[in-house]
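Trainee: Build the 3D model from these lines:
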Amino acid sequence: MGINTHMFKAWLVSNSGDQYTAALTELDESQLPIGDVTIRIANSALNYKDALALTGKAPVVRRFPMVPGVDLAGIVEQSSSAKFNPGDKVILNGWEIGEVHWGGLSEVARVKSEWLIKLPAPLTLSQAMAIGTAGYTAMLAIMALESFGLTPERGEVLLTGASGGVGGFAVNLLAKLGYDVVASTGRVQESAYLKSLGAKEVIDRAQFSGPGKALGKERWAGAIDSVGSHTLANVCATLKRGAAVASCGMAQGIDFPATVAPFIIRGVTLIGIDSVLCPMTERLIAWDRLVHTLDINKISEITHSRPLSEAMSTAEEILAGKIRGRVVLDVLY
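Mentor: Reported below is the predicted structural model:
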């Protein structure tokens, strides 16, 4: 049975007073926001941010009602843009969809053409969503560290939150680029998985997750942190002199209980990674490098597939730390 051309299903988040609700709802295409491209979504993904948006555990959504989902991939149905034609396969990451603009947890989306990227060959739509914001953010972080001077010869690179989506892709990408990768995780039982992705060593996150000293023993030539809070502070305290850490997440918290000691005594640098409003030129470079660097055969090891209807239960699993890697939502059957 085909999908009704006028009605579609989407997860809709509402907030009336103190009542925050999220439900899989049937909507009419006339309710779609303004945009010059309409997409039949084939796959979306469920990120940590999407889990927060669905459950209301953090103020991710800034406009109501909202269709969450910071990633989407699908086929163009209608377009008034010269850049895209019906039948084109496209992907979208960020640009505040799922927060300010309706996002990817839906069967249909209407968006601005300047947000879209044509599906990079040889990826499928599902593979592109398996990579999604997580893999794209991991590559942006690597590019930032490289721009700061990081090379494999400088020493070990630390990844925190390694069992998550960003972490898994960052492990594989860095390993493929020749780096010695040390993966920090709260699930040390995943050591075999992380080593299969390319980690040289797997360590328990406990050594980073509590209050630490202003300065620790120098070890890391660079780091990618998706955890924040005490973990990021302890990473900064153990970076080598002149090294940098790319910050791209807040799984432990948005706070940063650190001192200035690593910055003014060892000259370390904290680099913020903005994957949401990143310029298109940099996005295209990141996706091109992803296609040519990532071990495509490893995507299935990092990814779980779930139907769109299970988004809420999956979001709760993500926030409880029960999901390893990425979740791709199958929308178009």
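Trainee: element containing Ile285, please.
Mentor: Using DSSP states H and E, Ile285 sits within helix 280-293.
Trainee: I'd like to know which elements that helix is packed against.
Mentor: strand 117-118, helix 125-147, helix 165-176 (3 or more CB pairs under 8 Å, 6 or more residues apart in numbering; DSSP states H and E). Using the backbone N, CA and C atoms, a C-beta is placed for each residue, glycine as well.
Trainee: Now the element after the second one, going C-ward?
Mentor: In other words, helix 125-147. Heading C-terminal from helix 125-147, the first helix or strand you meet, by DSSP H and E, is strand 157-159.
Trainee: Given that following strand, what are its sheet partners and their directions?
Mentor: Note on strand 157-159: by DSSP bridges, its sheet partners are strand 181-185 (parallel), strand 220-225 (parallel).
Trainee: can you list contacts of it?
Mentor: With CB atoms under 8 Å, 6 or more residues apart in numbering as the test, strand 157-159 has contacts from 145, 150, 167, 170-171, 174, 179-184, 199, 219-224, 235.
Trainee: What count of nearby residues applies to Ser196?
Mentor: The local packing of Ser196 (other CB atoms under 10 Å) involves 13 other residues.
Trainee: Pretty sure it sits against Asn297.
Mentor: No: using CB atoms under 8 Å, Ser196 is not in contact with Asn297, being 10.9 Å away.
Trainee: for the lowest-mean-pLDDT helix or strand in the chain, packing partners?
Mentor: Every helix and strand in the chain was compared by mean pLDDT, DSSP states H and E; the lowest is helix 299-302, with a mean of 87. Helices and strands touching helix 299-302, by 3+ CB pairs under 8 Å, 6+ apart, are helix 125-147, helix 165-176, helix 191-197.
Trainee: Would you mark the buried spots in the second one?
Mentor: Using 16 or more other CB atoms under 10 Å as the burial criterion, the residues of helix 165-176 that qualify are Gly165, Val166, Gly167, Gly168, Phe169, Ala170, Val171, Asn172, Leu173, Leu174, Ala175.
Trainee: for the helices and strands packed on helix 299-302, which one sits closest to Asp50?
Mentor: helix 125-147 (9.2 Å; CB to CB).
Trainee: Ignoring the adjacent residues along the chain, who's closest to Ser81?
Mentor: Leaving aside its chain neighbours, Ser81 sits nearest to Ser113 (3.6 Å; criterion: CB to CB, 6 or more residues apart in numbering).
Trainee: Give me the pLDDT value at Ile3.
Mentor: Looking at Ile3, its pLDDT is 47.
Trainee: could you give the angle of the helix or strand in which Cys236 is found to strand 220-225?
Mentor: Following DSSP H and E, one finds Cys236 within helix 229-237. Using axes from the mean of the first three to the mean of the last three CA atoms, to 10 degrees, the direction of helix 229-237 lies 160 degrees away from that of strand 220-225.
Trainee: Packing partners of whatever helix or strand comes next after helix 229-237?
Mentor: Proceeding N to C from helix 229-237, the next assigned helix or strand is strand 239-247, under DSSP H and E. Judged by 3+ CB pairs under 8 Å, 6+ apart, strand 239-247 is in contact with helix 125-147, strand 220-225, helix 229-237, strand 269-272.
Trainee: what's the third one in contact with?
Mentor: Judged by CB under 8 Å, 6+ apart, the contacts made with helix 229-237 from elsewhere in the structure are 158, 160-161, 184, 205, 207-216, 220, 223, 225, 245, 247, 250, 252-259, 261-263, 268, 270.
Trainee: The residue nearest to Ser81: neighbour count?
Mentor: Counted with other CB under 10 Å, Ser113 comes out at 16.
Trainee: now swap in Gly178 and tell me
Mentor: 9.
Trainee: Looking at the helices and strands packed on helix 280-293, spot the one closest to Ser16.
Mentor: Closest to Ser16 of those is helix 125-147 (CB to CB; 28.9 Å).
Trainee: Could you tell me the angle between that closest one and strand 239-247?
Mentor: 140 degrees.
Trainee: May I have helix 125-147 as CSV, with CA atoms only?
Mentor: Only the C-alpha atoms of helix 125-147 are listed here, as CSV (Å, rounded to 0.1, in the frame of the first residue of the first chain):
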residue,chain,number,x,y,z
LEU,A,125,20.6,6.8,1.6
SER,A,126,20.7,4.4,4.6
GLN,A,127,24.5,4.5,4.7
ALA,A,128,24.5,8.3,4.5
MET,A,129,22.2,8.4,7.6
ALA,A,130,24.3,5.8,9.3
ILE,A,131,27.2,8.4,9.0
GLY,A,132,24.9,11.3,9.5
THR,A,133,25.7,14.2,11.8
ALA,A,134,27.8,11.8,13.9
GLY,A,135,30.3,10.9,11.2
TYR,A,136,30.2,14.3,9.6
THR,A,137,31.0,15.9,13.0
ALA,A,138,33.8,13.4,13.6
MET,A,139,35.4,14.5,10.2
LEU,A,140,34.9,18.2,11.0
ALA,A,141,36.7,17.6,14.3
ILE,A,142,39.6,15.8,12.6
MET,A,143,39.9,18.5,10.0
ALA,A,144,40.0,21.1,12.8
LEU,A,145,42.8,19.2,14.6
GLU,A,146,44.7,18.8,11.3
SER,A,147,44.4,22.5,10.6
